[in-house]
Every structure is written in structure tokens, then in C-alpha cells.
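>>> okay, sequence plus prediction incoming.
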Amino acid sequence: MIPYYDSVITGAGTDADGELRIWRSIGINETGHILFSDKRTKGVYALSISPSGRYLAAGSKVGMIRLWLFPSQSLPENTPPLFEIYHQLCPVTSLTFLTDEILLSAGANGKIRLISIPEQRPIGDLDAHRGTICSIVALGNRVVTSLGIDGKLKIWDLDSRASQFEMEGFLFPRDPLHLFPVLAFDADAGYICAPSMEGRLHLINLRDECRHETLTGHDGVFYAVATCGEHLITGGMKDKKLKLWDLRKKSLVHEKALPSAILRLAPVGKEKIAALCIGADKNQTLRIFSLPQFRQMGAVRNLSLRSLTTLPPKVVERLKRNEVTVVKNKLIEQAQAEAMNPDKMKPMLKELVKKGFWPEAKLLQAESARLRGKSLHELGFLRQLTKKISISQDTAGIFYRLAELLEMLNEPELAIENYEKITSYQEGLSEVIEKLRVHSICRIDPCNTIRSDFSTEQLVVQEIEKDAVLERPFQWRVIIPVRELTLLRIRSLKTLALWERSIAEKIASKGRSVSMSQENVTFCDGHCIRKTRWLNISQIGLPAPSPLLDYAIEIMAETGHVSGYCIFNPNKKSHSSDSVIRTNAFLAREYRLLNLNRQRSIDNWVSGIHKTMKELDRYAPCSGG
């Protein structure tokens, strides 16, 4: 269904063929959908909608004012108004609502009449101008400005019923009933905006003691002005141009030439403008343009109108938000129903993103991943989400879930970082943070640490993929389980230095090279840590199953044994990439291949090394230590 907040209300200009119409939409095929029409309300000179969008008022050539509840759906033709009341026996030239309870009417008799909507009766009159009043606009709940055929602009205090400001010098055509200039009020900038015959745009600054200034508006007469969001739009009769102004900078933002003169303007929300235009053949066209580029979005031709109005922009924005919220909630419900099936969720998620609800879509993906036990997917979605949203009471729960997930995935430092962000929104986090601060992983350096808690291929690959999600390269060295760990009870080579020297001599005697270094390393099983010193042997004369493999030995002083380790070392420069994701994907692939060939290649490689090491110890001269 086409939203009714896009409605454009038009009033007929002649008794013969005119009627009040509410257009729900105006399409590019020069047709429109009529929400409501009243053929009995003819010769409409003035239209207005109340601040809340609740009431529509129409004033006619004969002085009759009719008021309806504004329809949110199509109504039968000629639906009776709530009530009828006369301004006086003269044309009603302008209408404006102060509130939803007070309507002001202005007429060709120079009077402004105050009408109580709850009481359905007049409650006062102002002798405002000598002759016809062209336009009245509410400046607040008790203040109104008026522009008269006498060339004066006035500001009225309705409590005292007295004029608080008056300015002269406005010029009008000889036939005032042909077309009246209209006023506009930019509440954000504080300007009353008035058009003129000579093309000057008059600005009265209510925030600077009603200081008056002018801008060069159009080439010749223009009578159409309207405020829309942060901009003012003006339309020329002579130069046939639409212009978009930034009143804060007093500058022209954009302009567009049209094929016909512009009679009236009215905003459709904050993103579109309705323009009533008239061609050389005297036929009128109602056109809709998008802002700020004035791209035409629709038109209705062969009209004979005098008045034009739309729902107040604030009402349109509120109704849009309400409608979008309903649509959003429906899409969320549909997506949640398919949480266990990501493929079926995709259409709803795409629609949410299209409508501007990217955070909601990302949170739904995270919830789906959690329900399906996909912790890394959940981590990725939550990290993307928390990077784009600010922390508040409403979003604190999302950051808490991310911290909780990081804690579960053995990332205490990152968990602390996220818990600390929400300490002012969540109670009891201090104890959790202090407990995490003493976690063993917070005290180790990845480059000098050997992880023994990744006991399976699945755990290692998950850790590599987790680091990819966290956008950091995988650096942990991992012990690969082999059949034989303890080499032998030491006979001769009782220090790492003796081992290093013996290995170097053995390799050199065969014309080969070896790379060795003694290192201070930390063994970590995920919770406890153990520091030791070992001899890392990158090359020992036997070709390794992978360039990412190292071999190391450790002397166990308490038992007098030597232990040998096969180590997956991701820090070797066998593969380099600017992309963390590609680098980690390479490491995961290499580790899977190692495990696939472990029994056949790694165990044989380690056994060959062990054999060499035993020979070295057996034939080395006995050492005193």
C-alpha cells in the first residue's frame, strides 16, 4: 500500500470543474491515486493541516471553512466534514493551525478569525490589514505573521491581540484574487521568508530583533516559497526556476529551469517538494521533485487549482519512522523464525540492510551463529557490529556478549577491553575484570610461547581462524604430538651447549649446514605456564615434511632425560601476504596437510632425528656436566 504520508492535497480554483482532492501518490505516468475527493467543496482558495496531521481544513471562495479528520486510508467520495463554519461572507485566502485546537483563517475582508476546533465556533477576530490578507503563517502557539495587499507584513501576539512588528514595502499585482503570494517560516533558522514581485527574497530574522535583509531570488515576480528540512525552496513565475537555498549560509544550493511557471510549493516530508505549475496554455500540472537535485518523480496534468498543501514535514518523518519500525519488526520476526537456517534468513537480512537497518541484520546473524554453536561466526558478526555502533544503555548488552564470547574463546585481554567499555552500564564487572587480569595468557609473548593446549587439528585450525576474525596473524608455536617424545636418559651430553656443539660437528662432517639457537621459552597449556630453555634446531640434515616445522630438545634436569619436540612454527617466512586473512588461511591449510600426512611423514622424520641424537650421545666423550 502506498503510504498516506506522501499525500498532496489540492484545492480547486473554479466552481465549474473544481473539487477538493487528496492525492495519495503522483506517478511518473502522469496519473495519481486519489485518497479522497469532495466535489461539494469547490472554489477552494486555502488549505491547511494541523501540526499533528490530525485535521484538514479547506476555505472556499464563498467564505465557508470545512474541517475533516485527515484520512489515513481511502474514504468514500463526499465524506461529510466534522463541521463547517464561515470566516465571513468573503473569500478565505489563507488558513493556518496554531495547534490542533486553534485554527486561524484570513480573508479578503482583512480580518483574521480564531476558531476553536473543540467548540466548533469563532473565539475572536483581528482587524489585521486594510484589504485582502494574502498569507498567514503560525510562528508558535500564540504568534502568527500575516502579509496583506496593503503591502505590509505584521507579526501578531494573539494573547494581547496586538501587532508586535510591522514592515511595509511589498508590491502585488493589480488583480489580487488571481494569485496571492505566500509566506514561509523556517523554524530552525528563525526566518520569516517572503517572496516579491521584483524578484527579491525577503528574510526577517526573528532571532535578531526582526532584522530585515534580502537576497536576489528570481528574475522577476515569484510568489511560491516553502521550507523543507534545512532548506528553503522558491519557485519563479517569470524565470520558471526552482531554487534550493541554505538560509544559514544565505546561499543558493541548487536550481533547475522548468518548462512552466511555478504557482505554489509544498514540502512532501524532507526529501521531496510538490510544485503546482502553469504553462502558456493556462493548463496546470502538479509535479513532484526529489531534493536536492530536483529530479522529477511524477506529475498530474490538466488541472485547475488554486491551493496546495501537504502534511507537515515533522508529521511525515514521524509516520515514516512508525511505518519503517513496523516493517523492521516484521522482518526481524521472520528472520528469527529461520535462525537455524542461514540461507533462508538471507532475504530478510538483505531487506533490513536495504532499509537502513544494518546493525539489526548483523545482530540477527550473530544470534543465529550462537544458536547453531558457530562461535567464530558469532565473534565476527559482533565485532563488525560493535565497530559501527556507539555504547549506550541500549547497546551495552551487545558489548557484554562480545566480551563474554572473547572470554570463552580464551582472549582475556580483549574481553577486559570490552568489559571496561560498559562498566558504567553493567554492575559487577570489576570482579570479572580483576579475575581476567591474572589469566596466564595475559603474561606471555606469542613469539616466545609454545602452546600445548591445542591438542587436535580442529583446535589449532579454530585458533588460526579466530585470529583471522580478530584481524591478527597467527603467531603461536604449537607442539605436534608424535609417537616418541622422550629421547633417552642422558649419558654424555648433559648441557644444551654440548648438544649444540655435537650436532654442529656431526652435520659439518657430512658437508651439511644446520641452524640452531638456544631459546628461553614458555610452555602454556591455556591456563598454567612453565618456563624453560631449549635448543631449537631448524635444520638437522633431514628434509622436513614442511618448511613450517622445527625440532627442539629440552633437558629435563629432574629426571636426567632429553625430550624432543616437533613444532609447527607459523613465524617462518615461507609465505607472506599483506592480508591477514590470506596468511592465516595458508597456515590453516598447511596444518591440515601436516595432520593428513602425520603418520607417514612426521613420525618418520622425528624418528630419524631421534636416531641421530641417540648416536651423538652414545659416541660423545663423557662429560662431567
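Arrived safely. Not measured: the values here are computed from a predicted model.

>>> on contacts alone, who are the packing partners of the helix or strand where residue 435 lies?
Using DSSP states H and E, the secondary-structure element containing residue 435 is helix 429-437. Contacts defined by 3 or more CB pairs under 8 Å, 6 or more residues apart in numbering; DSSP states H and E place helix 429-437 against helix 412-421. For every residue, glycine as well, the C-beta is placed using N, CA and C.

>>> where does the spatially most central residue of the chain land in three-state SS?
The C-alpha lying nearest the average C-alpha coordinate of the chain belongs to residue 356 (CA atoms, centre = their mean; 5.8 Å). Using DSSP: H, G, I helix; E, B strand; the rest coil, the three-state assignment for residue 356 comes out as coil.

>>> contacts only, for it.
With contacts taken as CB atoms under 8 Å, 6 or more residues apart in numbering, residue 356 has the following neighbours: residue 324.

>>> any idea which helix or strand comes after the helix holding residue 435?
Stepping forward along the backbone from helix 429-437, the first helix or strand reached (DSSP H and E) is strand 449-451.

>>> so in that sheet, which strands flank that next one, and in what orientation?
Sheet partners assigned to strand 449-451 using DSSP bridges are listed as strand 477-479 (parallel), strand 515-524 (parallel).

>>> report the next helix or strand after the last one in sequence order.
Counting by DSSP H and E, the next helix or strand C-terminal to strand 515-524 is strand 529-539.

>>> parallel or antiparallel, list what pairs with that following strand.
Strand 529-539 has the following strand partners under DSSP bridges: strand 515-524 (antiparallel), strand 549-556 (antiparallel).

>>> which of these is buried the deepest?
Burial among these, expressed as mean neighbours by mean count of other CB atoms under 10 Å, is greatest for strand 549-556, which shows a mean of 20.

>>> distance between it and the chain's centre?
Averaging C-alpha coordinates over strand 549-556 and over its chain gives two centres that are 54 Å apart (CA atoms, centre = their mean, to the nearest Å).

>>> now do stretch 156-168
Counting by CA atoms, centre = their mean, stretch 156-168 is centred 44 Å from the centre of its parent chain.

>>> same thing with stretch 456-472?
The answer for stretch 456-472 is 31 Å, by CA atoms, centre = their mean.

>>> run through who's touching that stretch.
By CB under 8 Å, 6+ apart, the residues outside stretch 456-472 that reach it are 376, 379-380, 383, 409, 411, 414, 451, 453-454, 473-474, 476, 478, 568, 570, 580-581, 584-585, 587-588, 591-592, 595.

>>> and these, which are buried?
376, 379-380, 383, 409, 411, 414, 451, 453-454, 473-474, 476, 478, 568, 570, 580, 584-585, 587-588, 591, 595 (16 or more other CB atoms under 10 Å).

>>> how about the strands paired with strand 529-539 in a markdown table, adding distance to residue 333?
Formatted as a markdown table, those follow (distance: least, CB to CB, whole Å):
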| stretch | distance to residue 333 |
| --- | --- |
| strand 515-524 | 45 |
| strand 549-556 | 52 |
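
>>> which one of those strands lies nearest to residue 602?
strand 549-556 (7.5 Å; CB to CB).

>>> which SSE is immediately downstream of the closest one?
strand 561-568.

>>> tilt between that next one and strand 515-524?
Following axes from the mean of the first three to the mean of the last three CA atoms, to 10 degrees, one obtains 90 degrees for the angle between strand 561-568 and strand 515-524.

>>> cheers, nothing more for now.
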